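Participant: Predicted coordinates and the sequence they were generated for:
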Amino acid sequence: MTGLADSSAVDDPAAMAACQVPDHYRAAVVFAADQGVFAGIPSHERDLHKTLHVIEVPTPVPGPGEVLIAVMASSINYNTVWTAMFEPVSTFRFLKAFSRTSASAARHEQPYHVVGSDAAGVVLRVGPGVTRWHPGDEIVTHCLHVGLAEPAGHDDALLDPDQRIWGYETNFGGLGELALVQATQLMPKPAHLSWEEAACLNLTLSTAYRQLVSGHGAAMKQGDRVLIWGACGGLGGYATQLVLNGGGIPICVVSSEEKAALCRQRGAEFIINRSAFEFWNPRGEPRRRNWSRFRDAVHDLAGGDPDIVFEHPGRETFGVSVLTAARGGTIVTCASTHGYEHLYDNRHLWMHVKRIIGTHSANYREAWKANELVIHGRIHPIMSRVYPLDRIADAACAVRANEHHGKVGVLCLAPREGLGIRDERKRERHLDQITLFQQPSGPE
Ligand code: NDP
């Protein structure tokens, strides 16, 4: 892209805001024409190199309430893996449905889908009616795109029938040199972080915040025991930090001793390696004795049952989660990575008066509160690898293969890592913690 990427403006927000906006930009996309390419191929064998591409796309013009941002860095969320596999459905369905809602939304239906639901960058242009944000502001994004034309969403934006995940259910997402967002998706970038660190936070952190901390989720209290599946992953890594930060007691579940050691270094005392328990036999039937063994192991390790179970693997673990939660406890779920048709024994739920709560993403206020925890140095970015935009398929494959810890960053306009740090003194104060959460996840 001429102008922004080639100019000396690249780490100078005022100069960047003064640049001419190019009429095309480079972005990571999937093509509508590829929707049938994986027919008959099981999900785990689908090669994302076949479907994720970097191409030049036309620059959208921000409409009312919208903002065009220069993306310095982004990160991989699992929704990009789903999009590139065309699983569980093709995201072109979402774009088509969205495009029918208004003339301005019609722009989102294109033969390509620009993916990505996180970004750190600079405001370039604001559309009519945007007053809070100005060209040159350094920002991070919240992934919830809302309509709010209906009353339902004004109590909690997740109840808005027009809420969508930006870059998954809308076009012009964060994995590109530019992106189009609503003004109500923007939040101040934490000044002590680099672009790629700042881009590795918000989607998973805000989801974990709502899931655990918010009254819309499990409303965790000090002293609560919280069982966290995937405690070194994107959601689980932030959940572990939130539990420790909020006076709870994390019980971290991981699949290797290397990840167990990381959890320990980061302050968790109770860690379980799930590879010692096979929850299903090869015919897909539950090994209930192992479910009970797991529950007993958790109880013995933590001196009691978990008040909250932080769920996302889905079918693979959900029955174990319902069994393992304490009497009166809460299972709070936001995903079903390993199958969305769950099997659990309902007696454990009703006779022990447990609750299951469904949650999704976060509203703007929840995302803002989570971002403030980062600004105040209470939560730190977890990042184990960084890729250039051109290697988007490698980055997404690494996440799908579970090779990472926490998050995988992607450099978009930022030419190298480490740029964008504005508050060196604050960084210095938190450097030990920042370093602790950024250990590389082995050689590629
Ligand atoms: P990651 O891949 O970063 O982490 C997932 C973790 O799950 C891994 O670290 C892994 O840890 C663990 N895991 C993998 N397989 C299993 C298994 N069979 N049983 C138990 N644990 C397993 O993904 P994210 O944390 O970013 O996302 C997880 C899911 O949540 C995805 O499906 C994603 O789409 C969804 N999601 C939903 C959101 C929403 O708003 N609804 C928001 C964000 C994510 P280990 O191998 O160490 O056990």
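Facilitator: It's in. Numbers count the residues shown, from 1 in each chain.
Participant: can you pull up the bridge partners for the closest residue to P388 other than its chain neighbours?
Facilitator: Using Cβ to Cβ, 6 or more residues apart in numbering and skipping residues adjacent in sequence, the residue nearest P388 is L411, 5.2 Å away. All C-beta atoms are positioned from the backbone trio N, CA, C, and that covers glycine. Note on L411: beta-bridge partners by DSSP bridges are A73, P388.
Participant: In the stretch 51-200 of the chain, what residue lies closest to the ligand?
Facilitator: Residue nearest to the ligand within the stretch 51-200 of the chain: Y78 (3.4 Å; Cβ to the nearest ligand atom).
Participant: The residue lying closest to that residue once chain neighbours are set aside: what secondary structure?
Facilitator: With sequence-adjacent residues excluded and distances taken as Cβ to Cβ, 6+ apart, Y78 is closest to V399, at 6.5 Å. Under DSSP: H, G, I helix; E, B strand; the rest coil, V399 falls in the helix class.
Participant: Surely V399 and W82 touch.
Facilitator: No - using Cβ atoms under 8 Å, V399 is not in contact with W82, being 10.8 Å away.
Participant: Return the residues of the stretch 201-350 of the chain in contact with the ligand.
Facilitator: Near the ligand, the residues belonging to the stretch 201-350 of the chain are 203-204, 207, 229-230, 232-236, 253-255, 259, 274, 312-313, 316-317, 334-335, 337-338 when assessed by Cβ under 6 Å from any ligand atom.
Participant: Let's see that with 8 Å instead.
Facilitator: Contact residues (Cβ under 8 Å from any ligand atom) of the stretch 201-350 of the chain with the ligand: 203-204, 207, 229-237, 253-256, 259, 274, 279, 312-314, 316-317, 334-338.
Participant: just the helices in this structure please.
Facilitator: In the chain, the helices defined using DSSP state H lie at 13-18, 78-85, 91-99, 195-198, 202-212, 234-245, 257-265, 288-302, 318-324, 346-350, 364-375, 392-400, 424-436.
Participant: looking at these, which is buried most?
Facilitator: helix 195-198 (a mean of 30; mean count of other Cβ atoms under 10 Å).
Participant: For that helix, enumerate the helices and strands it packs against.
Facilitator: strand 66-75, strand 120-126, strand 383-388, strand 407-411 (3 or more Cβ pairs under 8 Å, 6 or more residues apart in numbering; DSSP states H and E).
Participant: Swap in 7 Å and give it another go.
Facilitator: Applying 3 or more Cβ pairs under 7 Å, 6 or more residues apart in numbering; DSSP states H and E, one finds that helix 195-198 contacts strand 66-75, strand 383-388.
Participant: Single out the most deeply packed of these.
Facilitator: Mean neighbour counts for the helices and strands packed on helix 195-198 (mean count of other Cβ under 10 Å) peak at strand 66-75, with a mean of 28.
Participant: Any part of it near the ligand?
Facilitator: No - using Cβ under 8 Å from any ligand atom, we find that strand 66-75 stays clear of the ligand, coming within 9.7 Å at best.
Participant: neighbours around E285, how many?
Facilitator: By other Cβ atoms under 10 Å, the residues close to E285 number 9.
Participant: nope, P282 is what I was after
Facilitator: Other residues close to P282 by other Cβ under 10 Å number 6.
Participant: Could you do G328 as well?
Facilitator: G328 has 11 neighbouring residues, counting by other Cβ under 10 Å.
Participant: returning to that earlier point: may I see the helices of the chain organised as TSV, with mean pLDDT added?
Facilitator: TSV is the format used below for the helices of the chain (pLDDT from 0 to 100):
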stretch	mean pLDDT
helix 13-18	91
helix 78-85	98
helix 91-99	98
helix 195-198	98
helix 202-212	98
helix 234-245	98
helix 257-265	96
helix 288-302	98
helix 318-324	98
helix 346-350	98
helix 364-375	98
helix 392-400	97
helix 424-436	97
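Participant: for these, which one sits closest to P62?
Facilitator: P62 lies closest to helix 13-18 among the helices of the chain, at 13.6 Å (Cβ to Cβ).
Participant: which other residues reach that closest one?
Facilitator: Residues outside helix 13-18 that contact it (Cβ atoms under 7 Å, 6 or more residues apart in numbering) are 4, 8-9, 70, 122-124, 135-136, 138.
Participant: Can you tell me which of those are buried?
Facilitator: 4, 9, 70, 122-124, 135, 138 (16 or more other Cβ atoms under 10 Å).
Participant: Arrange those in TSV, one row each, with pLDDT as further columns.
Facilitator: Shown next, in TSV, are the buried ones among the contacts of helix 13-18 (pLDDT from 0 to 100):
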residue	pLDDT
L4	78
A9	74
A70	97
V122	98
V123	98
L124	97
P135	97
E138	98
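Participant: This completes my enquiry, with thanks.
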